[in-house]
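S.K.: I need the structure of the sequence given here:
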Amino acid sequence: MTTKRVLSIQSHVVHGHVGNKSATFPLNLLGFNVDPLNTVQFSNHTGYGVFTGDRLDGNQVLSLFDGLTRNGITDQYSHLLTGYLGKASILEAVIQIAKALKALPKPPLFVLDPVLGDNNSLYVPQELVPLYRDSLCPLADVITPNGFEAELLSGLPIKSEAEAIAALDKLHSLGPKTVVITSVDWGAGSQTWSMFVSHSSTNSDSVTRFKIDFPRLVGSFTGTGDLFAALLLARIIDEEAGNVITPKSLIRACELAVATMHHVLLETVERMNGQSQGLGSDAERGGKNVKYRELSVIDSRKWIENPTLEFKAVMI
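M.R.: Model prediction:
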(Lines give C-alpha, C1' and ligand atoms only; values in the text may rest on other atoms or scores of the structure.)
Protein backbone atom coordinates (compact mmCIF):
# COMPACT_ATOMS: atom_id res chain seq x y z
CA MET A 1 0.00 0.00 0.00
CA THR A 2 1.29 3.45 -0.93
CA THR A 3 2.23 5.57 2.07
CA LYS A 4 0.15 8.73 2.35
CA ARG A 5 2.33 11.55 3.62
CA VAL A 6 1.39 15.22 3.71
CA LEU A 7 3.70 18.22 3.98
CA SER A 8 1.37 20.70 5.68
CA ILE A 9 2.60 24.30 5.67
CA GLN A 10 0.47 26.57 7.84
CA SER A 11 0.15 28.14 11.28
CA HIS A 12 0.51 26.51 14.69
CA VAL A 13 -1.00 27.46 18.05
CA VAL A 14 -0.20 26.06 21.48
CA HIS A 15 -3.88 26.20 22.50
CA GLY A 16 -6.85 25.59 20.24
CA HIS A 17 -7.54 24.18 16.80
CA VAL A 18 -6.50 26.32 13.86
CA GLY A 19 -3.90 25.75 11.16
CA ASN A 20 -1.88 22.60 11.62
CA LYS A 21 -3.62 21.94 14.95
CA SER A 22 -6.91 21.76 13.05
CA ALA A 23 -5.59 19.69 10.13
CA THR A 24 -3.20 17.13 11.62
CA PHE A 25 -5.52 15.09 13.86
CA PRO A 26 -8.18 14.49 11.17
CA LEU A 27 -5.55 13.55 8.61
CA ASN A 28 -3.94 11.12 11.05
CA LEU A 29 -7.34 9.56 11.79
CA LEU A 30 -7.94 9.08 8.08
CA GLY A 31 -4.64 7.30 7.50
CA PHE A 32 -2.18 10.05 6.62
CA ASN A 33 1.25 10.74 8.01
CA VAL A 34 1.59 14.51 8.45
CA ASP A 35 4.77 16.56 8.53
CA PRO A 36 3.73 20.00 9.88
CA LEU A 37 5.88 22.92 8.79
CA ASN A 38 4.64 25.75 11.00
CA THR A 39 4.64 29.29 9.63
CA VAL A 40 3.85 30.85 13.01
CA GLN A 41 4.11 29.69 16.61
CA PHE A 42 1.44 31.52 18.61
CA SER A 43 0.01 30.97 22.08
CA ASN A 44 -3.50 30.94 20.57
CA HIS A 45 -5.22 32.34 17.49
CA THR A 46 -5.35 36.07 16.92
CA GLY A 47 -9.07 36.37 17.67
CA TYR A 48 -8.28 36.33 21.38
CA GLY A 49 -7.69 39.59 23.19
CA VAL A 50 -4.02 38.66 23.63
CA PHE A 51 -1.72 36.40 21.68
CA THR A 52 2.03 35.94 21.90
CA GLY A 53 4.63 34.16 19.82
CA ASP A 54 6.64 34.50 16.66
CA ARG A 55 6.29 34.36 12.90
CA LEU A 56 8.86 32.60 10.76
CA ASP A 57 10.30 34.38 7.74
CA GLY A 58 10.77 32.98 4.28
CA ASN A 59 14.41 32.02 4.79
CA GLN A 60 13.54 29.98 7.87
CA VAL A 61 10.84 28.10 5.95
CA LEU A 62 13.28 27.40 3.11
CA SER A 63 15.91 26.23 5.60
CA LEU A 64 13.48 23.69 7.05
CA PHE A 65 12.57 22.46 3.58
CA ASP A 66 16.26 22.24 2.68
CA GLY A 67 16.82 19.92 5.64
CA LEU A 68 14.00 17.69 4.43
CA THR A 69 15.42 17.68 0.92
CA ARG A 70 18.97 16.85 1.94
CA ASN A 71 17.72 13.90 3.97
CA GLY A 72 15.77 12.48 1.04
CA ILE A 73 12.37 13.10 2.62
CA THR A 74 10.71 15.41 0.11
CA ASP A 75 10.25 12.73 -2.54
CA GLN A 76 8.08 10.77 -0.07
CA TYR A 77 5.25 13.32 -0.05
CA SER A 78 2.01 12.23 -1.68
CA HIS A 79 0.33 15.55 -0.83
CA LEU A 80 1.21 19.19 -0.20
CA LEU A 81 -1.24 21.24 1.87
CA THR A 82 -0.83 24.96 2.49
CA GLY A 83 -2.88 27.26 4.69
CA TYR A 84 -2.07 30.48 6.54
CA LEU A 85 1.22 31.93 5.29
CA GLY A 86 0.74 35.49 6.48
CA LYS A 87 3.47 37.48 4.77
CA ALA A 88 5.12 37.87 1.40
CA SER A 89 8.48 36.28 2.25
CA ILE A 90 6.80 33.05 3.39
CA LEU A 91 4.50 33.01 0.37
CA GLU A 92 7.51 33.44 -1.93
CA ALA A 93 9.27 30.59 -0.09
CA VAL A 94 6.23 28.34 -0.52
CA ILE A 95 6.17 29.14 -4.24
CA GLN A 96 9.76 27.83 -4.43
CA ILE A 97 8.82 24.75 -2.40
CA ALA A 98 5.79 24.00 -4.58
CA LYS A 99 7.87 24.34 -7.74
CA ALA A 100 10.52 21.98 -6.34
CA LEU A 101 7.93 19.37 -5.37
CA LYS A 102 6.08 19.66 -8.67
CA ALA A 103 9.36 18.99 -10.52
CA LEU A 104 9.73 15.57 -8.87
CA PRO A 105 9.13 12.41 -10.93
CA LYS A 106 6.06 11.70 -8.77
CA PRO A 107 4.85 15.15 -7.70
CA PRO A 108 2.46 15.41 -4.75
CA LEU A 109 -1.13 16.53 -5.10
CA PHE A 110 -1.16 20.21 -4.07
CA VAL A 111 -4.20 21.43 -2.12
CA LEU A 112 -4.01 25.19 -1.62
CA ASP A 113 -6.19 27.01 0.89
CA PRO A 114 -5.53 30.66 -0.08
CA VAL A 115 -5.97 32.20 3.35
CA LEU A 116 -6.57 35.89 2.74
CA GLY A 117 -9.59 36.90 4.81
CA ASP A 118 -13.30 36.46 5.41
CA ASN A 119 -16.47 38.47 5.98
CA ASN A 120 -15.32 41.14 3.51
CA SER A 121 -12.13 41.79 5.47
CA LEU A 122 -8.51 40.96 4.70
CA TYR A 123 -6.36 39.61 7.52
CA VAL A 124 -3.15 39.49 5.50
CA PRO A 125 -1.36 42.29 3.64
CA GLN A 126 -2.97 43.32 0.33
CA GLU A 127 0.28 42.51 -1.50
CA LEU A 128 -0.37 38.79 -0.96
CA VAL A 129 -3.43 38.75 -3.25
CA PRO A 130 -1.52 39.05 -6.57
CA LEU A 131 1.16 36.66 -5.30
CA TYR A 132 -1.47 34.01 -4.65
CA ARG A 133 -3.35 34.73 -7.88
CA ASP A 134 -0.41 34.95 -10.28
CA SER A 135 2.25 32.70 -8.73
CA LEU A 136 0.89 30.11 -6.27
CA CYS A 137 -2.57 29.27 -7.65
CA PRO A 138 -1.09 28.20 -11.03
CA LEU A 139 0.95 25.54 -9.19
CA ALA A 140 -2.01 24.07 -7.28
CA ASP A 141 -4.15 21.10 -8.26
CA VAL A 142 -6.97 22.08 -5.89
CA ILE A 143 -7.83 25.46 -4.37
CA THR A 144 -10.32 26.01 -1.54
CA PRO A 145 -11.11 29.73 -1.17
CA ASN A 146 -14.09 30.92 0.81
CA GLY A 147 -16.53 33.25 -0.92
CA PHE A 148 -14.64 36.43 -0.06
CA GLU A 149 -11.30 34.95 -1.13
CA ALA A 150 -12.85 33.70 -4.38
CA GLU A 151 -14.01 37.24 -5.13
CA LEU A 152 -10.53 38.61 -4.42
CA LEU A 153 -8.75 36.06 -6.60
CA SER A 154 -11.24 36.13 -9.48
CA GLY A 155 -11.95 39.85 -9.40
CA LEU A 156 -15.65 39.01 -9.70
CA PRO A 157 -18.58 39.48 -7.31
CA ILE A 158 -20.48 36.43 -6.08
CA LYS A 159 -24.05 37.43 -5.32
CA SER A 160 -25.87 34.74 -7.30
CA GLU A 161 -25.41 31.21 -8.59
CA ALA A 162 -24.58 32.54 -12.06
CA GLU A 163 -21.86 34.78 -10.61
CA ALA A 164 -20.49 31.85 -8.60
CA ILE A 165 -20.17 29.80 -11.81
CA ALA A 166 -18.41 32.71 -13.52
CA ALA A 167 -15.98 32.92 -10.59
CA LEU A 168 -15.33 29.16 -10.80
CA ASP A 169 -14.45 29.52 -14.49
CA LYS A 170 -12.18 32.48 -13.78
CA LEU A 171 -10.38 30.60 -11.01
CA HIS A 172 -9.91 27.62 -13.35
CA SER A 173 -8.17 29.97 -15.77
CA LEU A 174 -5.50 30.59 -13.12
CA GLY A 175 -4.41 26.95 -13.42
CA PRO A 176 -6.08 24.66 -10.85
CA LYS A 177 -8.11 21.79 -12.27
CA THR A 178 -10.31 21.63 -9.17
CA VAL A 179 -11.88 24.70 -7.56
CA VAL A 180 -13.93 24.53 -4.36
CA ILE A 181 -15.53 27.76 -3.17
CA THR A 182 -16.16 26.52 0.33
CA SER A 183 -18.82 28.93 1.59
CA VAL A 184 -20.85 31.61 -0.13
CA ASP A 185 -22.78 33.74 2.35
CA TRP A 186 -26.11 34.87 0.91
CA GLY A 187 -26.64 37.46 3.63
CA ALA A 188 -28.09 37.69 7.11
CA GLY A 189 -31.59 36.78 5.96
CA SER A 190 -30.54 33.43 4.53
CA GLN A 191 -30.64 30.23 6.56
CA THR A 192 -28.18 28.44 4.27
CA TRP A 193 -24.69 28.80 2.87
CA SER A 194 -23.59 27.28 -0.42
CA MET A 195 -20.46 25.52 -1.62
CA PHE A 196 -19.67 25.71 -5.33
CA VAL A 197 -17.33 23.18 -6.92
CA SER A 198 -15.89 22.75 -10.40
CA HIS A 199 -13.54 20.13 -11.83
CA SER A 200 -12.02 20.15 -15.31
CA SER A 201 -10.75 16.85 -16.66
CA THR A 202 -7.07 16.62 -17.54
CA ASN A 203 -7.79 14.50 -20.59
CA SER A 204 -10.77 16.33 -22.04
CA ASP A 205 -12.60 19.65 -22.15
CA SER A 206 -15.41 18.40 -19.91
CA VAL A 207 -16.20 20.31 -16.74
CA THR A 208 -18.15 18.96 -13.76
CA ARG A 209 -19.92 21.57 -11.62
CA PHE A 210 -22.06 21.11 -8.54
CA LYS A 211 -23.15 22.87 -5.38
CA ILE A 212 -23.95 21.79 -1.85
CA ASP A 213 -26.26 23.84 0.37
CA PHE A 214 -25.85 23.48 4.11
CA PRO A 215 -27.36 25.13 7.21
CA ARG A 216 -26.04 28.41 8.49
CA LEU A 217 -25.17 28.00 12.17
CA VAL A 218 -25.15 30.98 14.51
CA GLY A 219 -21.67 31.84 15.74
CA SER A 220 -18.20 32.81 14.64
CA PHE A 221 -15.63 30.02 14.47
CA THR A 222 -11.93 30.00 13.63
CA GLY A 223 -10.11 27.16 11.89
CA THR A 224 -13.03 25.90 9.81
CA GLY A 225 -11.24 26.46 6.49
CA ASP A 226 -8.15 24.65 7.77
CA LEU A 227 -10.23 21.67 8.87
CA PHE A 228 -12.22 21.55 5.64
CA ALA A 229 -9.12 21.59 3.42
CA ALA A 230 -7.65 18.67 5.36
CA LEU A 231 -10.89 16.67 5.17
CA LEU A 232 -11.16 17.30 1.43
CA LEU A 233 -7.54 16.30 0.83
CA ALA A 234 -8.06 13.04 2.70
CA ARG A 235 -10.80 11.73 0.42
CA ILE A 236 -10.49 13.55 -2.91
CA ILE A 237 -8.39 10.92 -4.69
CA ASP A 238 -9.99 7.96 -6.46
CA GLU A 239 -7.50 5.17 -5.74
CA GLU A 240 -9.38 2.67 -7.89
CA ALA A 241 -9.15 5.00 -10.90
CA GLY A 242 -5.38 5.32 -10.59
CA ASN A 243 -4.92 7.85 -7.77
CA VAL A 244 -6.52 10.74 -9.62
CA ILE A 245 -9.41 13.09 -8.89
CA THR A 246 -12.60 12.00 -10.62
CA PRO A 247 -16.04 13.66 -10.56
CA LYS A 248 -17.30 10.77 -8.42
CA SER A 249 -14.47 11.02 -5.88
CA LEU A 250 -14.75 14.82 -5.74
CA ILE A 251 -18.49 14.78 -5.10
CA ARG A 252 -18.13 12.17 -2.37
CA ALA A 253 -15.19 13.99 -0.77
CA CYS A 254 -17.12 17.26 -0.64
CA GLU A 255 -20.28 15.64 0.73
CA LEU A 256 -18.30 13.86 3.44
CA ALA A 257 -16.31 17.00 4.33
CA VAL A 258 -19.48 19.11 4.62
CA ALA A 259 -21.10 16.43 6.78
CA THR A 260 -18.11 16.29 9.10
CA MET A 261 -17.88 20.09 9.31
CA HIS A 262 -21.57 20.35 10.21
CA HIS A 263 -21.24 17.86 13.06
CA VAL A 264 -18.00 19.41 14.33
CA LEU A 265 -19.75 22.78 14.52
CA LEU A 266 -22.78 21.24 16.26
CA GLU A 267 -20.44 19.68 18.84
CA THR A 268 -18.70 23.03 19.22
CA VAL A 269 -21.95 24.96 19.69
CA GLU A 270 -23.20 22.44 22.26
CA ARG A 271 -19.98 22.71 24.26
CA MET A 272 -19.91 26.49 23.88
CA ASN A 273 -23.47 26.89 25.17
CA GLY A 274 -22.72 24.69 28.17
CA GLN A 275 -19.41 26.27 29.13
CA SER A 276 -20.38 29.91 28.61
CA GLN A 277 -23.28 29.83 31.09
CA GLY A 278 -22.86 32.29 33.92
CA LEU A 279 -20.60 34.72 32.08
CA GLY A 280 -23.13 37.51 32.48
CA SER A 281 -24.49 39.68 29.69
CA ASP A 282 -24.43 38.85 25.98
CA ALA A 283 -21.67 41.43 25.52
CA GLU A 284 -19.62 39.86 28.29
CA ARG A 285 -20.09 36.40 26.84
CA GLY A 286 -19.07 37.71 23.43
CA GLY A 287 -15.81 38.99 24.87
CA LYS A 288 -14.98 36.03 27.09
CA ASN A 289 -16.15 32.98 25.22
CA VAL A 290 -13.60 33.02 22.41
CA LYS A 291 -11.93 30.05 24.04
CA TYR A 292 -15.26 28.23 24.13
CA ARG A 293 -15.63 28.65 20.35
CA GLU A 294 -12.52 26.58 19.65
CA LEU A 295 -13.50 23.76 17.30
CA SER A 296 -14.36 20.49 19.03
CA VAL A 297 -12.06 18.48 16.78
CA ILE A 298 -11.07 15.73 19.22
CA ASP A 299 -14.62 15.23 20.51
CA SER A 300 -15.78 14.84 16.90
CA ARG A 301 -13.63 11.84 16.12
CA LYS A 302 -16.56 9.64 15.10
CA TRP A 303 -17.82 12.32 12.70
CA ILE A 304 -14.39 12.60 11.11
CA GLU A 305 -14.06 8.87 10.59
CA ASN A 306 -17.64 8.07 9.64
CA PRO A 307 -19.84 11.10 8.99
CA THR A 308 -23.54 10.78 8.22
CA LEU A 309 -24.28 12.24 4.79
CA GLU A 310 -27.03 14.83 5.10
CA PHE A 311 -26.29 17.41 2.42
CA LYS A 312 -26.13 16.16 -1.15
CA ALA A 313 -24.43 17.60 -4.21
CA VAL A 314 -26.67 19.09 -6.91
CA MET A 315 -25.29 19.38 -10.42
CA ILE A 316 -25.28 22.90 -11.90
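
S.K.: any chance you could map the strands in the stretch 51-200 of the chain?
M.R.: Residue ranges of the strands in the stretch 51-200 of the chain, as given by DSSP state E, counting those that start in this stretch, are 53-55, 79-82, 109-112, 117-118, 121-122, 142-143, 178-185, 192-200.

S.K.: will you turn the ones you listed into JSON lines that also has mean neighbour count?
M.R.: Bear in mind the C-beta positions are built from the backbone N, C-alpha and C, glycine included. Output for the strands of the stretch 51-200 of the chain, formatted as JSON lines (neighbours: other CB atoms under 10 Å):
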{"stretch": "strand 53-55", "mean neighbour count": "13"}
{"stretch": "strand 79-82", "mean neighbour count": "26"}
{"stretch": "strand 109-112", "mean neighbour count": "23"}
{"stretch": "strand 117-118", "mean neighbour count": "17"}
{"stretch": "strand 121-122", "mean neighbour count": "11"}
{"stretch": "strand 142-143", "mean neighbour count": "26"}
{"stretch": "strand 178-185", "mean neighbour count": "25"}
{"stretch": "strand 192-200", "mean neighbour count": "21"}
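
S.K.: Looking at these, which is nearest to residue 259?
M.R.: Distance to residue 259, taken as CB to CB, is lowest for strand 192-200 among the strands of the stretch 51-200 of the chain, at 11.9 Å.

S.K.: Which neighbouring elements make contact with the helix or strand just after that closest one?
M.R.: Going down the chain from strand 192-200, the next helix or strand is strand 207-215, by DSSP states H and E. Other elements packing on strand 207-215 under the criterion 3 or more CB pairs under 8 Å, 6 or more residues apart in numbering; DSSP states H and E are helix 161-172, strand 192-200, helix 247-275, strand 314-315.

S.K.: Give me whichever of these is most buried.
M.R.: strand 192-200 (a mean of 21; mean count of other CB atoms under 10 Å).

S.K.: Now the terminal residues of stretch 173-182, how far apart.
M.R.: 18 Å (CA to CA, to the nearest Å).

S.K.: who wins for proximity to residue 90 among the helices and strands packed on strand 207-215?
M.R.: Among the helices and strands packed on strand 207-215, helix 161-172 sits nearest to residue 90 (CB to CB), with 22.3 Å.

S.K.: Tell me what angle that closest one forms with strand 178-185.
M.R.: 140 degrees (axes from the mean of the first three to the mean of the last three CA atoms, to 10 degrees).

S.K.: and the closest residue to residue 14 other than its chain neighbours, how far is that from residue 34?
M.R.: In this structure, residue 14 finds its nearest non-sequential neighbour in residue 43, 5.3 Å apart by CB to CB, 6 or more residues apart in numbering. Here residue 43 is placed at a distance of 22 Å from residue 34 (CB to CB, to the nearest Å).

S.K.: again with residue 192
M.R.: 32 Å.

S.K.: Can you report how many residues neighbour the closest residue to residue 170 other than its chain neighbours?
M.R.: Nearest residue to residue 170 in three dimensions, chain neighbours excluded: residue 154, at 4.0 Å (CB to CB, 6+ apart). The number of residues packed near residue 154 is 24, by other CB atoms under 10 Å.

S.K.: Next: residue 46.
M.R.: Residue 46: 15 surrounding residues under other CB under 10 Å.

S.K.: What about residue 6, how many residues nearby?
M.R.: So residue 6, with other CB under 10 Å, has 25 neighbours.

S.K.: for the helix or strand where it lies, packing partners?
M.R.: Assigned by DSSP H and E, residue 6 belongs to strand 5-13. Packing partners of strand 5-13 (3+ CB pairs under 8 Å, 6+ apart): helix 20-29, strand 33-42, strand 79-82, helix 88-102, helix 224-235.

S.K.: Just want to check the distance between the closest residue to residue 260 other than its chain neighbours and residue 18.
M.R.: Closest residue to residue 260 apart from its sequence neighbours, by CB to CB, 6+ apart: residue 307 at 4.4 Å. Using CB to CB, residue 307 is found at 21 Å from residue 18.

S.K.: re earlier: between residue 43 and residue 34, who's got more neighbours?
M.R.: residue 34 (19 against 13).

S.K.: Cross-check the contact I'm expecting between residue 32 and residue 8.
M.R.: No: assessed by CB atoms under 8 Å, residue 32 is found out of contact with residue 8, at 9.4 Å.
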